[in-house]
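Q: Based on what follows, work out the 3D shape:
(2 chains)
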Amino acid sequence: MSLLNNIATSRICNLYHLTQLHAHLIHLSLHHHNQWVALLLLHCTRLHAPPAYAASIFHAATHPYIHIFTSMLKYYSQIGAHTEVVPLYKHLQCLGIKPDIPFYPLLIKSAGKASLMFHAHVLKLGYVHDHYIRNAVIGVYAKYGPIELARKLFDEMTDRNRITADWNLMISGYWKWGNEQEASRIFHLMADSERNVITWTTMVTGYAKLRNLDSARLYFDRMPERNVISWNAMLSGYAQSGAAEEALTLFNDMIDSRNEPDETTWVAVISSCSSLGDPCLAESLIKKLYRNNVHSNHYVKTALLDMHAKCGNLEAAQSIFDQLGVHRSSITWNAMISAYARVGDLASARDLFDKMEKRDTVSWNSIIAGYAQNGESLTAIDLFKEMIRSKDSRADEVTMLSVISACGHLGALELGNWAVSILKENSINLSISGYNSMIFMYSRCGSMKDATRIFQEMATRDLVSYNTLISGYAAHGHGKESIELLSKMKKEGIKPDRITYIGVLTACSHAGLLQEGQKVFESIEVPEVDHYACMIDLLGRVGKLEEATRLIQSMPMKPHAGSYGSLLNASRIHRKVRLGELAAAKLFKLEPYNTGNYVLLSNIYALAGRWEDVDKVRKTMRKQGLKKSTGWSWVEHEGQMHKFIVGDRSHEKSDDIYKLLREIRVKMRREGYVADRSCVLRDVEEEDKEEIVGIHSEKLAICFALLVSQMGTVIRVVKNLRVCGDCHTSIKMISKLEGRKIIVRDNNRFHCFSNGLCSCKDYW
DNA sequence: TTAGGGTTAG
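A: Numbering: from 1, shown residues only, chains lettered A, B, ... in the order given. Down below sits the predicted model:
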């Protein structure tokens, strides 16, 4: 017997010790088989031993009795192997062993959904009057539904028969099924004396899961007594809702009131640190963990990994990942993938993703978002197509958010519509941010009608919804609509932020709405430097260059590059060489490596015919080792994105494209238009040189589209950099000569060309 | 031998 006591109490802390003990017992071939089997199974449960090993111990019992089955049930229940429970019960029946009463609640609880079949069984045995058994049956119905059946059992009891656990199960059941009203009603039906700490904690958790933190806190504060689980419920509520500061404050309260934190507490605290992304805080937390000798389980380790990743310490994150070895879960993998994706190390993220054996939706979402957020929209969409093909995980709202916004970045309307159709096919419901991504996509694809429609269809809108649509209007030069939206949001009680005002002012600027813009500017409580820059842009575009200059001189903060940039651009539009030079001089000091400023200044000289100065600027650029960055253009055709860079000849239709380009030039000359030249080429005779230098990407994209699209279709082109002045002129001509409507989006606005005119005629 | 709390993607 002392040996058995030893087995029960000995500190077996890993599987190796367990197998040693097991071998030793077999060697002794004791007669107490059944007793030591039960005890070893308890250790298996504690150590999460593999099912095959636990089963081998179970089968070592020569004359199994009910206690061994109970131990095995506990093991299955711990590892969540619900499907093993029914076969185990059948095994027991085969052996003719009669279960004792404590066996049934355990059986019912560990069988998961399958336990519904035991209800009739225990009824027949007359056991349903037993507190524990009845409670277990209520628990199953509360958890797996229909909850009405749980309620029926509950209602059939008299008050005297009900134990607090029954009430608690009903409350947590209603929370589980999203019935806040009934949960709260049952809570209030209880007498104060009947409520225990679990009752109160269930209420806290229920409200916390609904993200109703105020109510959760109300119940938490009213609790007569709290244990570590109650504290954890409130802490996790804060942590999961992103209320990191509140979580950390509450944690301090917890320590002050001398409550001992456990692993779950630390997980909540660590994840709050992660969302704050503060490396100093993380460091002090690690010290605290160290001081408290915290035994870190799998959850703590994963939370720590994520915290290091979010606080920028990838080495520490990787080291935890390596330490975890075979204990890595898909969550660990996913956290590591998004850690690399977050810092833009897509190669490492992809490497991990490819090595993963069992990917889930979050794995796909992490890698797709990684590509989407690092400017690799096309790869993001390709991966999404692969995800659909692989069928190992279902796309959800988060997936679609990345995909839809990637379509927006590409300006790919066909792809965008396809993504939207997938929402319906898979009945994926969108939250506000999902709809916001659709508004973004349609805006960027030039379909303001759809963007507006989505906005109007939304039941509730947030600040981002307004800002996205306003920015869309700004890009299209819809000034009036953006002002209307500004007053609408104020009426709905949504406070505009700096982004809102940047959008509205930009819209006014693109639409030439001087007075309206001024009014908006004056209404900003504390205008920031960007708002001044927008205002300078607005004044500059409408030709009020003196006022723009005065504003830049009188603004309360130091003007930044954007402010002088606006002035430089205005000088180009209105051909003010002297002012342009002044603005450029400031800009060269503020951002000497921005090639755009040099190009703008050289364009100003070119427009004035000052070719020596053009050369001077070019020389300066060369001397500084600066090269004009390459702009590329995209055009969508049959769901495929075709990409062109300047002078591109890699496209399979290149020969046809260049042939068409020549034909258009001939036509242009015949019609008396000056054929297009690169901004700095001096005369028409040199135009052939352009082909050596390179035809601009947007012209190549347009010619490709002219070749492949039908006559009536609108050609949509996306250019990642600004459409230059000469291209602008030649696209106008192409639209007239070819009788086509062409929409070009450059990095910040839309140009709609038709019949030789551009929608933004005041712009060039 | 009743009931309550945990890590990843936007």
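Q: Could you count how many residues lie near residue A:388?
A: Residue A:388: 14 surrounding residues under other Cβ atoms under 10 Å. From N, CA and C alone the C-beta is placed, and that goes for glycine too.
Q: Quick check: chain neighbours aside, which residue is closest to it?
A: residue A:395 (6.9 Å; Cβ to Cβ, 6 or more residues apart in numbering).
Q: Might you report the residue contacts of the one you found?
A: A:361, A:364, A:384, A:387-388, A:403, A:422, A:426, A:428 (Cβ atoms under 8 Å, 6 or more residues apart in numbering).
Q: Quick check on the residues you listed: which are buried?
A: A:361, A:364, A:384, A:387, A:403, A:422, A:428 (16 or more other Cβ atoms under 10 Å).
Q: In a markdown table: these, plus pLDDT, distance to residue A:749 and secondary structure.
A: Output for these, formatted as a markdown table (pLDDT from 0 to 100; distance: Cβ to Cβ, whole Å; DSSP: H, G, I helix; E, B strand; the rest coil):
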| residue | pLDDT | distance to residue A:749 | secondary structure |
| --- | --- | --- | --- |
| A:361 | 95 | 36 | helix |
| A:364 | 97 | 34 | helix |
| A:384 | 97 | 28 | helix |
| A:387 | 95 | 33 | helix |
| A:403 | 97 | 25 | helix |
| A:422 | 95 | 29 | helix |
| A:428 | 94 | 32 | coil |
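Q: Any figure for the gap between the closest residue in space to residue A:140 that isn't next to it in sequence and residue A:642?
A: Spatial nearest neighbour of residue A:140, chain neighbours left out: residue A:115 (5.0 Å); criterion: Cβ to Cβ, 6+ apart. Applying Cβ to Cβ, to the nearest Å, the value for residue A:115 to residue A:642 is 58 Å.
Q: Looking at these two now, which is surrounded by more residues?
A: When residue A:115 and residue A:642 are compared for neighbours, residue A:115 comes out ahead with 26 against 19, by other Cβ under 10 Å.
Q: So for the more buried one, what pLDDT did the model give?
A: pLDDT for residue A:115: 77.
Q: wait, isn't it in contact with residue A:105?
A: No: when contacts are counted by Cβ atoms under 8 Å, residue A:115 is not listed as touching residue A:105 (10.2 Å).
Q: what does the stretch 551-700 of chain A put close to DNA strand B?
A: By Cβ under 7 Å from any atom of the strand, no part of the stretch 551-700 of chain A sits against DNA strand B.
Q: Now do the helices in the stretch 551-700 of chain A.
A: For the stretch 551-700 of chain A, the helices defined by DSSP state H, counting those that start in this stretch occupy A:561-573, A:577-590, A:595-607, A:611-623, A:654-670, A:687-693, A:697-708.
Q: just the stretch 251-400 of chain A next, same as before
A: Under DSSP H, counting those that start in this stretch, the stretch 251-400 of chain A gives helices at A:263-276, A:279-291, A:298-310, A:314-324, A:330-342, A:346-355, A:361-373, A:377-390, A:397-410.
Q: Mind putting the ones you listed into JSON lines with distance to DNA strand B?
A: As requested, those are arranged in JSON lines below (distance: least, Cβ to the nearest atom of the strand, whole Å):
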{"stretch": "helix A:263-276", "distance to DNA strand B": "3"}
{"stretch": "helix A:279-291", "distance to DNA strand B": "13"}
{"stretch": "helix A:298-310", "distance to DNA strand B": "3"}
{"stretch": "helix A:314-324", "distance to DNA strand B": "10"}
{"stretch": "helix A:330-342", "distance to DNA strand B": "3"}
{"stretch": "helix A:346-355", "distance to DNA strand B": "11"}
{"stretch": "helix A:361-373", "distance to DNA strand B": "3"}
{"stretch": "helix A:377-390", "distance to DNA strand B": "11"}
{"stretch": "helix A:397-410", "distance to DNA strand B": "4"}
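Q: Now tell me which of these the model trusts least on average.
A: helix A:279-291 (a mean of 77).
Q: Report the buried residues of that helix.
A: Here helix A:279-291 shows A:281-282, A:285-286, A:289 as buried, counting by 16+ other Cβ under 10 Å.
Q: and that helix with helix A:263-276, angle?
A: 160 degrees (axes from the mean of the first three to the mean of the last three Cα atoms, to 10 degrees).
Q: what packs against helix A:279-291?
A: When contacts are defined as 3 or more Cβ pairs under 8 Å, 6 or more residues apart in numbering; DSSP states H and E, helix A:279-291 packs onto helix A:263-276, helix A:298-310.
Q: Need the contact partners of the last one.
A: Contact with helix A:298-310 is made by A:263-264, A:266-267, A:270-271, A:273-275, A:277, A:282, A:285-286, A:294, A:296, A:314, A:316-317, A:320-321, A:323-324, A:327, A:329, A:331-332, A:335-336, A:338-339, A:342, as judged by Cβ under 8 Å, 6+ apart.
Q: ok, now stretch A:265-272?
A: Contacts for stretch A:265-272 (Cβ under 8 Å, 6+ apart): A:228, A:231-232, A:235-236, A:238-240, A:244-245, A:247-248, A:251, A:254, A:261, A:285, A:289, A:294, A:296, A:299-300, A:303-304, A:306-307.
Q: Residue A:640 is in contact with residue A:708, correct?
A: No: taking contacts as Cβ under 8 Å, residue A:708 lies outside contact range of residue A:640: 10.3 Å.
Q: Between those two, which is the more surrounded one?
A: residue A:708 (15 against 11).
Q: can you pull the contacts of the more buried one?
A: Here residue A:708 is in contact with A:637, A:653 (Cβ under 8 Å, 6+ apart).
Q: Let's have the helices and strands packed on helix A:279-291 in TSV, adding mean neighbour count.
A: Below are these laid out as TSV (neighbours: other Cβ atoms under 10 Å):
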stretch	mean neighbour count
helix A:263-276	23
helix A:298-310	23
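Q: Quick one: closest of those to residue A:483.
A: Among those, helix A:263-276 comes nearest to residue A:483, with 36.0 Å by Cβ to Cβ.
Q: And the closest residue to residue A:262 other than its chain neighbours, its phi and psi?
A: Spatial nearest neighbour of residue A:262, excluding adjacent residues (Cβ to Cβ, 6+ apart): residue A:228 at 5.4 Å. Backbone torsions for residue A:228, taken as degrees, to the nearest 10, come to phi -60, psi -30.
Q: Give me the pLDDT value at residue A:312.
A: At residue A:312, pLDDT is 86.
Q: measure it to DNA strand B for me?
A: 13 Å (Cβ to the nearest atom of the strand, to the nearest Å).
Q: Count residues in the vicinity of that residue, would you?
A: The local packing of residue A:312 (other Cβ under 10 Å) involves 15 other residues.
Q: what sits against it?
A: Neighbours of residue A:312 in contact, by Cβ under 8 Å, 6+ apart: A:277, A:279, A:343.
Q: My guess is the first one contacts residue A:311. True?
A: Yes: checked against Cβ under 8 Å, the pair residue A:277 and residue A:311 is within contact range at 5.7 Å.
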